[in-house]
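**Q** have a look; sequence and predicted model below, questions after that.
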Protein chains: 2
Amino acid sequence: MKKPDKRGDILQAALELIAAQGFHGAPMSEIAAKAGVAAGTIYRYFSNKDDLIAEIYQTLEETMIEAILEESSGGRPVRERFLALQRVSIKYFIAHPLHFRFMEQFFNSPYGDKMRRDNLLGKPGKNNLLIGIFSEGLAQRILKDFPLPIIFSLATGPMMFMMRDHVFGFITLDDALVERTTEACWDAIRR
Amino acid sequence: MKKPDKRGDILQAALELIAAQGFHGAPMSEIAAKAGVAAGTIYRYFSNKDDLIAEIYQTLEETMIEAILEESSGGRPVRERFLALQRVSIKYFIAHPLHFRFMEQFFNSPYGDKMRRDNLLGKPGKNNLLIGIFSEGLAQRILKDFPLPIIFSLATGPMMFMMRDHVFGFITLDDALVERTTEACWDAIRR
DNA sequence: TCGGGATGAATGAACGTTCATTCAAGACGG
DNA sequence: CCGTCTTGAATGAACGTTCATTCATCCCGA
């Protein structure tokens, strides 16, 4: 009758608790309770809490990349590709606020710090797309002559802040607003 | 010979530990050790850890506002006032990376969440300056017609991201770069 | 000698993690 | 087809650790 996907239940419960309360508002005991499982059962599927968290992250990253990649049209101009990617990213997060909150928590934690350092060495994921677009824009002198991380900050920083305001209900990002803010970010980086 | 300012020592030790390791890498016992004080002594000056943290926040906020307010030239054009304020904010954080790291931790925690909600009701601090400038820019139709929180995100988001990259050593923000990134933010919000 | 500041061992709560035990469901021999 | 054995997922009480916080005691200047 039911599908006893305990592993999935645990992942989902942990995601929801962490997104809502942060890593420290999500003790294993509560995750277990929310998943309808005993505390010890979690360790049948994950070797420890860090492992559980890392697995959530990887799952989300894959899902996001998949959702965003579809929108990645190849040969179009840099501007259009940037706008499309930015737009679809924002819309993904609006549609999946839990994912956004989790990612936010994740990147503002020791986990995220380590990941940042790793990414320096260049084995990134979704960022590859943006980096590719930016590199091309830089080469074509369409973008301001900034180091990549700065272009990245100019484009991504506002998005994260706006998403947070949206998730917390301080603003409401409708389609029109998404479009206009995306273009505002383009104004910041375009030459 | 020395000044036995235990209270100040405790605040400073806590600031340094929290900035470097986060709230959870800063147990009271270590704060006490670093301040050259016994664990129990902290409770003579602060009623609990939350109180200690809140006090650090308030101290930093006051210090920052004071440092930034000096730069607040009154009657100049909106653009110049924005650039000056942004510039001086970035430079303040570059000069005080501990303050930046603490603020970052603070705002990405339950403490910061509560503060955000409070700020909605409008008893803010340094933000007042920015809000004043933005309101004026909006009224004069110099800025794009966005809700205030979005203008805020467009201006502040990149700064925070860049500061983090700078503090972590991924980029180096020299004067020239600060100037140019500040203008890039202006491009994002100006009409 | 007196009194408040300082001490740090003690306390108890909150966690992550472990492990002895349970038990439903398949395997198997007769 | 039945009864018994085996398996391993699931359980949750218990453990060890980490902390914030307390308080009996000590220290020291006046």
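**A** Yep, that arrived.
**Q** the domain parsing of chain A - what is it?
**A** Chain A breaks down by automatic domain parsing into domains covering A:1-46, A:60-189.
**Q** buried ones in the helix or strand hosting A:Arg116, by neighbour count?
**A** Taking DSSP states H and E as the criterion, A:Arg116 maps to helix A:110-120. Within helix A:110-120, the residues scored as buried using 16 or more other C-beta atoms under 10 Å in any protein chain shown are A:Tyr111. The way it works is simple: take the backbone N, C-alpha and C, and place the C-beta from them, glycine included.
**Q** which helices and strands does that helix pack with?
**A** With contacts taken as 3 or more C-beta pairs under 8 Å, 6 or more residues apart in numbering or on different chains; DSSP states H and E, helix A:110-120 sits against helix A:49-69, helix A:97-107.
**Q** hmm, the last one touching chain B?
**A** To tie it back to what came earlier, the one meant is helix A:97-107. Yes. Helix A:97-107 comes into contact with chain B (C-beta under 8 Å from any C-beta of the partner chain), by way of A:104-105.
**Q** then stretch A:51-63?
**A** No. Under the criterion of C-beta under 8 Å from any C-beta, stretch A:51-63 makes no contact with chain B; the nearest approach is 14.4 Å.
**Q** could you give the number of residues near the closest residue in space to A:Asn108 that isn't next to it in sequence?
**A** Nearest-residue entry for A:Asn108: B:Asn108, 4.1 Å, with adjacent residues in sequence omitted and distances by C-beta to C-beta, 6 or more residues apart in numbering or on different chains. Applying other C-beta atoms under 10 Å in any protein chain shown, we find 18 other residues in the vicinity of B:Asn108.
**Q** how about the residues of chain A near DNA strand D?
**A** By the rule C-beta under 7 Å from any atom of the strand, the part of chain A lying against DNA strand D is A:4, A:6, A:37-41, A:44.
**Q** where do the helices sit along chain A?
**A** Assigned by DSSP state H, chain A shows helices spanning A:6-21, A:28-35, A:42-45, A:49-69, A:78-95, A:97-107, A:110-120, A:127-139, A:148-167, A:175-189.
**Q** now the longest one against helix A:127-139, angle please.
**A** Right, the one you point to is helix A:49-69. Using axes from the mean of the first three to the mean of the last three C-alpha atoms, to 10 degrees, one finds that helix A:49-69 and helix A:127-139 are set 50 degrees apart in direction.
**Q** report the distance from helix A:49-69 to the chain centre.
**A** On the basis of C-alpha atoms, centre = their mean, to the nearest Å, helix A:49-69 sits 9 Å off its chain's mean C-alpha point.
**Q** is it anywhere near DNA strand C?
**A** Yes. Counting by C-beta under 7 Å from any atom of the strand, DNA strand C has neighbours in helix A:49-69: A:49-50.
**Q** elements contacting that helix?
**A** helix A:6-21, helix A:78-95, helix A:97-107, helix A:110-120.
**Q** which of those helices has the lowest average pLDDT?
**A** Lowest mean pLDDT of the helices and strands packed on helix A:49-69: helix A:110-120, a mean of 76.
**Q** how far off centre is it?
**A** Distance, stretch centre to chain centre, for helix A:110-120: 14 Å (C-alpha atoms, centre = their mean).
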